[in-house]
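K.L.:
structure, please.
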Amino acid sequence: MEMTDYHIPYLPNRLKKLGDLAYNLWFSWHTHALYLFELLDPTLWENVYRNPVKLLHEIEPQRLDEMANDKSYLERYDRVIEAFDHYMEKKDTWFAKYYPDHTGKKIAYFSMEFGIHECLPTYSGGLGILAGDHLKSASDLGIPLVAIGLLYRESYFTQFLSLHGHQQAVYQHNEFSSMAVRPIQKSNGDNLCIEVPLNHRSVSARVWLAQIGRVPLFFLDTDFRGNPPEDRLITERLYVADRDTRLIQEILLGIGGVKLLRTLDIAPSVWHLNEGHCSFLNIERLREQLLDGIPYDQAIQNLRKTSVFTTHTPIEAGNEVFNADKINEFMSAYCDNLNISKDQCMDLAQSPIHRDPHAFNMTILALNLSEHANAVSELHGDVSRRMWHHLWPDRDQDHVPIDYITNGVHVRTWMTYAMKNLLDSHLEPDWRYKLLDRDFWEKVKDIPDEELWQTHLKLKQTLIEEIRCRLEQQLERNGDTQEMIEEARTILDPNILTIGFARRFAPYKRATLLFRNRDRLKQILWNSDHPVQIVFAGKAHPANQPGKALIQEIYNESRSPDFKGRVVFIENYDIYLARRMVSGVDVWLNTPRRPLEASGTSGMKVVANGGLNLSILDGWWSEGFDGKNGWAISENKTMYDEFEQDEADSQSLYHLLENEIVPLYYAKDNNNIPSGWTEKMKTSMASIIPRFNTDRMLKEYMEKMYSKSLI
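P.N.:
All right, here's what the predicted structure looks like:
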């Protein structure tokens, strides 16, 4: 098997390595590499949505020839390529040092979505962003990971808001030839395809490769000439509403992913399922073992010993469940081939005491076939053990075999260039390799207040300029009044305390909690001496009517006389806007109804850029908050009356804003620096960055999960 050559129309010999760089997502967490592409044509760079492959497709050859003779550019180019080559060729990685006996073994990581960079739109939200950060840290640490996902013809939707705040979902068509993916070919030049059984027929899927540093990410897609129309639609969109298509997607991911690895002669020692969508992979692995003559009970044990499952969902109703009749419809012939009964197959996805003959639960399937399972925060571990206790009725709840590994973020991806430069000046560039050294990160406290504050203000100004530009375009598109368009061009003030709220719009996240007492909020926002402004962003799934209603409510509030100019909703939240928001706001607000936030990671990204968290003690913040590094809304407890909890949490939120947060922000010293605020920024960075990063997370996966299966 081999990859096709790069489809770059023209590159001067002196710049040939730009092709290698464009097709390796390593560039996405190396600022100098990104800048190398931007310098070629800054306007085109933005027009192609910071996509290096598309940039090199569309740029004028004369411009490339010009840059190939630009001494300053070539010096930058040589430094970046040298760093890239050194990274890719490096042998003495963390994994090689600490796990030398496992050289040559592979870990397969399956996920329904991967969020690497905005130019590779194979994600919808937090699950995909986490998966992308997981691959990046695996690459940095030299962990021998290989990843499997689906390549979607249409990106997760682009969000537009109408003049009245209705969410409009528009799906953009992806041209794979202009993305950082390449088809895998057979020796005769034909594209490699695999066949996935679907009842009494099979589905054909092409194989693609995206390179994430040292980690290969293989994709499957069915939308190509030669496939019947109904099969071409299988990988049309991520998280389709149609349940039959969703089921076939998960069969393709799980069963097809295993078949793909076998075709490529990759034999993983560990199989990691990132959520229950991937669970069919163990059905295929069971089939393999049974065909090899291994007894059923022994085959189950073999699967369990080599499977790792990560659950992200803290409510049982939120887990993927398919109708048992549909499973039988699409997989009856496959199960017959297993030489096991229909009941045996269904039992794999059933609880021993809460049986539902009509339901095939993907999370239960994963838990039943994975010896190593984890939640994504300490609190979520408690919730998960309680939620799935019925799978182990003979054990105490505390001994349910679901551990926890708290999520992290890939710091080099989410920290801005300006903040990296500041750390380079005061911590030395070694900070990149000391992300887990808590004593080392105490040095952040020695950064001069003025330098930290000025860096933050520049990032805040960048965010506000982005918001003004987007809002102006939105209002012009909707035919809004000239007065509103003019106001958009100057909306928000970089000197005002700015709160950010951006996430998936699900009711439990309580995006409108801040508006529970409108009069009190109005007083906070319009205080003549100490004003406050709030930026909202986020999408609701197109089928989630309550979520879309919340967006419309906040949008309408942003245009009401009470909040106009102090509340803004920005459409189309994605990786790019997320980078802007987490680096530019002063405070990141998170208001989930405890304990329904499994982990969350956006607040960790804010900390990497000096922002502060104001959050319910749920998910990761339950572990991260120490009393000095941000603010906690309400007490560390759960109320089961929703009205009572909403009331208590909103009162706590208003009290913190009025009595702690706003006064601290506006308490300036003789140099007009809020020294108390900058002290809190440093405390937050020093206490959170070395704990909540994906380097720590991957090392925990190695220690707690992967190493126990690498036998």
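K.L.:
what's in contact with stretch 503-511?
P.N.:
Contacting residues not belonging to stretch 503-511 are listed as 125-126, 501, 536, 538-541, 544, 546-548, 550-551, 554, 590-593, 596-597, 600, 602, 646, 649 [C-beta atoms under 8 Å, 6 or more residues apart in numbering]. Heads up, the C-betas are built off the backbone N, CA and C, glycines and all.
K.L.:
let's go with 7 Å and repeat that
P.N.:
Contact with stretch 503-511 is made by 125, 501, 536, 538-540, 544, 546-547, 550-551, 554, 591-593, 596, 602, as judged by C-beta atoms under 7 Å, 6 or more residues apart in numbering.
K.L.:
and for the closest residue to T306 other than its chain neighbours, the neighbour number?
P.N.:
Closest residue in space to T306, ignoring its immediate chain neighbours: S709 at 4.7 Å, by C-beta to C-beta, 6 or more residues apart in numbering. When neighbours are counted by other C-beta atoms under 10 Å, S709 registers 20.
K.L.:
distance of S709 from S558?
P.N.:
S709 is 50 Å from S558, where distance means C-beta to C-beta, to the nearest Å.
K.L.:
how about Q185?
P.N.:
If you measure Q185 against S558 using C-beta to C-beta, the figure is 51 Å.
K.L.:
can you report phi and psi for F360?
P.N.:
Dihedral pair for F360: phi -120, psi 100, per degrees, to the nearest 10.
K.L.:
pLDDT of the top helix by length along the chain, averaged?
P.N.:
The longest helix of the chain (DSSP state H) is helix 449-477. Averaged over helix 449-477, pLDDT sits at 97.
K.L.:
what is whichever helix or strand comes after it packed up against?
P.N.:
Once the chain leaves helix 449-477, the next helix or strand it forms, by DSSP states H and E, is helix 482-488. If you count contacts as 3 or more C-beta pairs under 7 Å, 6 or more residues apart in numbering; DSSP states H and E, helix 482-488 packs onto helix 449-477.
K.L.:
now do the helix it packs on: distance to the chain's middle.
P.N.:
Counting by C-alpha atoms, centre = their mean, to the nearest Å, helix 449-477 is centred 23 Å from the centre of its parent chain.
K.L.:
likewise stretch 300-308?
P.N.:
Relative to the centre of its chain, stretch 300-308 is centred 27 Å away, using C-alpha atoms, centre = their mean.
K.L.:
now the element after whichever helix or strand L521 is part of, going C-ward?
P.N.:
Per DSSP H and E: L521 is located in helix 518-525. Using DSSP H and E, the helix or strand that directly follows helix 518-525 along the chain is strand 532-537.
K.L.:
mind listing residues that contact that next one?
P.N.:
Residues from elsewhere that reach strand 532-537 (C-beta under 7 Å, 6+ apart): 467, 492-493, 496-502, 511, 524-525, 554, 566-570, 573, 577, 581, 585, 662.
K.L.:
tell me which of these fall in helices.
P.N.:
Per DSSP H, the contacts of strand 532-537 map to helices at 467, 524-525, 554, 577, 581, 662.
K.L.:
now render the residues you listed as TSV, adding neighbour count and distance to H426.
P.N.:
Below are these laid out as TSV (neighbours: other C-beta atoms under 10 Å; distance: C-beta to C-beta, whole Å):
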residue	neighbour count	distance to H426
I467	22	30
I524	22	35
L525	21	35
I554	23	39
L577	20	29
M581	27	25
V662	19	29
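K.L.:
kindly indicate which of these lies nearest I294.
P.N.:
For those, the closest approach to I294 (C-beta to C-beta) belongs to L577, at 50.1 Å.
K.L.:
can you tell me the closest non-neighbouring residue to that closest one?
P.N.:
Here the residue nearest L577, using C-beta to C-beta, 6+ apart, is A537, at 6.2 Å.
K.L.:
just give me the neighbour total for the one you found.
P.N.:
Close neighbours of A537, defined as other C-beta under 10 Å, add up to 25.
K.L.:
element containing L653, please.
P.N.:
Here L653, judged by DSSP H and E, is contained in helix 642-656.
K.L.:
list phi and psi for I689.
P.N.:
Main-chain torsions, I689, degrees, to the nearest 10: phi -50, psi -50.
K.L.:
and M179, how far is that from L18?
P.N.:
16 Å.
K.L.:
about what we covered before: buried residues in the longest helix of the chain, which are they?
P.N.:
Within helix 449-477, the residues scored as buried using 16 or more other C-beta atoms under 10 Å are 449, 452-453, 455-456, 459-460, 462-464, 466-468, 470-472, 474-475.
K.L.:
I'd assumed A502 was in contact with I554.
P.N.:
No: I554 is beyond contact range of A502, at 11.4 Å (criterion: C-beta atoms under 7 Å).
K.L.:
how close does I575 get to I129?
P.N.:
Distance of I575 to I129, given as C-beta to C-beta: 7 Å.
K.L.:
do you have the strands of the stretch 101-250 of the chain handy? List them.
P.N.:
Using DSSP state E, counting those that start in this stretch, the strands of the stretch 101-250 of the chain run over 107-111, 114-115, 121-122, 145-150, 158-161, 167-170, 182-185, 193-198, 201-212, 215-221.
K.L.:
just give me how far the longest one sits from the chain centre.
P.N.:
On the basis of C-alpha atoms, centre = their mean, the separation between the geometric centre of strand 201-212 and that of its chain is 22 Å.
K.L.:
could I get the buried residue list for that strand?
P.N.:
For strand 201-212, the neighbour count (16+ other C-beta under 10 Å) marks 203-212 as buried.
K.L.:
now it: average pLDDT?
P.N.:
Per-residue scores along strand 201-212 average to 96.
K.L.:
middle-most residue in this structure, spatially?
P.N.:
I129 (1.1 Å; C-alpha atoms, centre = their mean).
K.L.:
need the nearest residue in space to it, chain neighbours excluded.
P.N.:
Distances taken as C-beta to C-beta, 6+ apart place G115 nearest to I129, at 3.9 Å, with adjacent residues excluded.
K.L.:
just checking, the one you found touches L127?
P.N.:
No: contact criterion C-beta under 7 Å: G115 and L127 do not qualify, at 8.3 Å.
K.L.:
and stretch 231-245, end to end?
P.N.:
End-to-end distance for stretch 231-245, by C-alpha to C-alpha, to the nearest Å: 9 Å.
K.L.:
ok, residues contacting that stretch?
P.N.:
Applying C-beta under 7 Å, 6+ apart, the set of residues contacting stretch 231-245 from outside is 113, 124, 150-154, 156, 171, 203, 221-223, 246, 248-249, 252, 322, 326, 543.
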